[in-house]
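**Q** my questions are about this predicted structure, shown below with the sequence.
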Amino acid sequence: MKVLTILGTRPEIIKLYSLIHEFERNSEVEHILVHTSQHYDFKMSQVFMEELRIPTPDYFLNIRSGTHAVQTARLLESLEKVLMETEPDLVVVLGDTNSTLGSALVAAKLKIPVAHIEAGCRSFDLTMPEEVNRLVTDAISSLLFAPTETTAQNLYFEGHPRDRVFMCGNTIVDVVEEVLKNHRSNRPMDDEYILLTMHRAENVDDPQRLKSILEGIKQINTQVVFPAHPRTIKRINEFGLKSFVDDIDNLEIIEPLGYVSFLNYMMHSKIVLTDSGGVQEEVILLNRPCLTLRDSTEWPETVWAGGNILVGWESKKISETANKLLNNEDEYDRMANAKNPFKENAAKCISQKIIERYHARSLSRKRIDLRFAKYPLPHLHIGASVEPQNVSLSFDSDGNSLPKDIGEYNISRD
């Protein structure tokens, strides 16, 4: 079986680590690795490849930075040539980046089945480019690997057939356990500190939100260590906030960290303050409270488990929540001891399911099956009933739907 795995950003490199090694060890798999170079800076890409002993990619596509349209267009053109040359049986993508979306689209157009790792994650916020990427990638993928029961349910209720959805767990669990086992290190600092990460477009590309977050950090009653993403530093300078940042006495900006060092900083921090989806997953595995600088999250399981609070971007909410945790030992211990909601050994399960599907000649999904979907009308095919359904829609003269006139319908689900 020829499997082509695509990565291009820091989270993809980290989360695909264990699955790549599963493929590399399996004599049934000819594995091809493609790096889109969406993250091309050494500190955001190569250092993670080296630390996690990921093999040198067979192809580098040199996509680099640019608008969403530019990045996606470059990827479509470059990856199409690679897929036509290599002719893989399956393309594997992960997550919600432009690399994920573009790769799935190219493969689907070439009629190559796609396996999407972390399928079904939803923030339900369409202003986030990542949410758009998730929805589109799931819609055109053949195998959907949901990390949790909630994400699997999202996929069912969106109409994805049960035999295409697998709940194998979250690959980040395997990665964190492996790194902590093999890379033990000492506490990086002597003082109590909060660890900050911030790079999401909705935060750092909006001068009002960015300044409000920084003001909240300024009001926290302990040191805040910030391994700054190059994008964030660029925006701070562009928005004229450098002098403001320089005056935040409790903020220490440091260079981006390799993955081993970053886990070490998280593990020894008092609290982690972040807008990253991946960091939310990692923090709860390390028994540290997480405060998320967003209004929504694709990982609600971490909030329901009690280890994560959505604090948004308003300065007062950020500082008050952080200071309350620092001063309330009971509340702090409750969050720090939140139960891990993620299942381990995901990579082994994913690789087994893929190989089983290959042997069963069932990698591709040739037809959309709406039998178990939320949609009221059945999928029409030869032999299907053409009797009118008990569903009606009415509209006014301006084209607006009239909800009160919609007929009731029931859909049974196992």
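**A** Thanks, I have it. Numbers count the residues shown, from 1 in each chain.
**Q** so what secondary structure elements neighbour the longest helix seen in the chain?
**A** In the chain, ranked by residue count with DSSP state H as the criterion, the top helix is helix 68-86. Packing partners of helix 68-86 (3 or more C-beta pairs under 8 Å, 6 or more residues apart in numbering; DSSP states H and E): strand 2-7, strand 30-35, helix 98-109. C-betas here are computed from N, CA, C, even on glycine.
**Q** and it, how far out from the chain's middle?
**A** Distance, stretch centre to chain centre, for helix 68-86: 21 Å (C-alpha atoms, centre = their mean, to the nearest Å).
**Q** distance between the helix or strand just after it and the chain's centre?
**A** Next helix or strand after helix 68-86 toward the C-terminus (DSSP states H and E): strand 90-94. Between the mean C-alpha location of strand 90-94 and the chain-wide mean there is a distance of 14 Å, by C-alpha atoms, centre = their mean.
**Q** follow-up on the earlier one: buried residues, the longest helix of the chain. List them.
**A** Of the residues in helix 68-86, those with enough neighbours to count as buried (16 or more other C-beta atoms under 10 Å) are Gln71, Thr72, Arg74, Leu75, Ser78, Leu79, Glu80, Val82, Leu83, Thr86.
**Q** and the gap between the last one and His31?
**A** The reference is to Thr86. When distance is defined by C-beta to C-beta, to the nearest Å, Thr86 is 11 Å away from His31.
**Q** kindly report the same for the fourth one.
**A** Distance from Leu75 to His31, counting by C-beta to C-beta: 20 Å.
**Q** and what of the third one?
**A** Between Arg74 and His31 the computed distance is 24 Å (C-beta to C-beta).
**Q** mind listing the shared neighbours of Thr86 and His31?
**A** Applying C-beta atoms under 8 Å, 6 or more residues apart in numbering, one finds that Thr86 and His31 are jointly contacted by Leu4.
**Q** tally of neighbours for Val204?
**A** Counted with other C-beta atoms under 10 Å, the neighbours of Val204 add up to 22.
**Q** ok, it touching Lys211?
**A** No: here Val204 does not reach Lys211: they are 10.8 Å apart, not a contact under C-beta atoms under 8 Å.
**Q** sorry, back to before: got the helices and strands packed on helix 68-86 as TSV, with mean neighbour count columns?
**A** Putting the helices and strands packed on helix 68-86 into TSV (neighbours: other C-beta atoms under 10 Å) gives the following:
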stretch	mean neighbour count
strand 2-7	26
strand 30-35	21
helix 98-109	25
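**Q** okay, those in CSV with mean pLDDT and distance to His21 next?
**A** What follows is the helices and strands packed on helix 68-86, written out as CSV (pLDDT from 0 to 100; distance: least, C-beta to C-beta, whole Å):
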stretch, mean pLDDT, distance to His21
strand 2-7, 97, 11
strand 30-35, 96, 10
helix 98-109, 95, 20
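**Q** nearest to Leu286, of the ones you listed?
**A** Put simply, out of the helices and strands packed on helix 68-86 the one that sits nearest Leu286 is strand 2-7, at 23.4 Å, with distance taken as C-beta to C-beta.
**Q** give the other helices and strands that that closest one contacts.
**A** Taking 3+ C-beta pairs under 8 Å, 6+ apart as contact, the helices and strands that strand 2-7 lies on are helix 17-25, strand 30-35, helix 68-86, strand 90-94, helix 98-109.
**Q** could I get those as a markdown table with distance to Tyr259?
**A** Converted to a markdown table, the helices and strands packed on strand 2-7 look like this (distance: least, C-beta to C-beta, whole Å):
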| stretch | distance to Tyr259 |
| --- | --- |
| helix 17-25 | 9 |
| strand 30-35 | 16 |
| helix 68-86 | 23 |
| strand 90-94 | 16 |
| helix 98-109 | 18 |
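**Q** and of those, who's closest to Glu51?
**A** Of these, the one closest to Glu51 (C-beta to C-beta) turns out to be helix 17-25, at 9.5 Å.
**Q** in terms of secondary structure, what does that closest one contact?
**A** strand 2-7, strand 30-35, helix 171-182, helix 346-359.
**Q** re earlier: indicate which one of the helices and strands packed on strand 2-7 is closest to Leu7.
**A** When the helices and strands packed on strand 2-7 are compared for distance to Leu7 using C-beta to C-beta, the nearest one is strand 30-35, at 6.0 Å.
**Q** which element follows the closest one toward the C-terminus?
**A** Proceeding C-terminally, strand 30-35 gives way to helix 46-51 as the next helix or strand, assigned by DSSP H and E.
**Q** now the helices and strands packed on helix 17-25 in JSON lines, with distance to Glu149?
**A** Formatted as JSON lines, those follow (distance: least, C-beta to C-beta, whole Å):
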{"stretch": "strand 2-7", "distance to Glu149": "26"}
{"stretch": "strand 30-35", "distance to Glu149": "30"}
{"stretch": "helix 171-182", "distance to Glu149": "15"}
{"stretch": "helix 346-359", "distance to Glu149": "14"}
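**Q** please consider this matter closed, and thank you.
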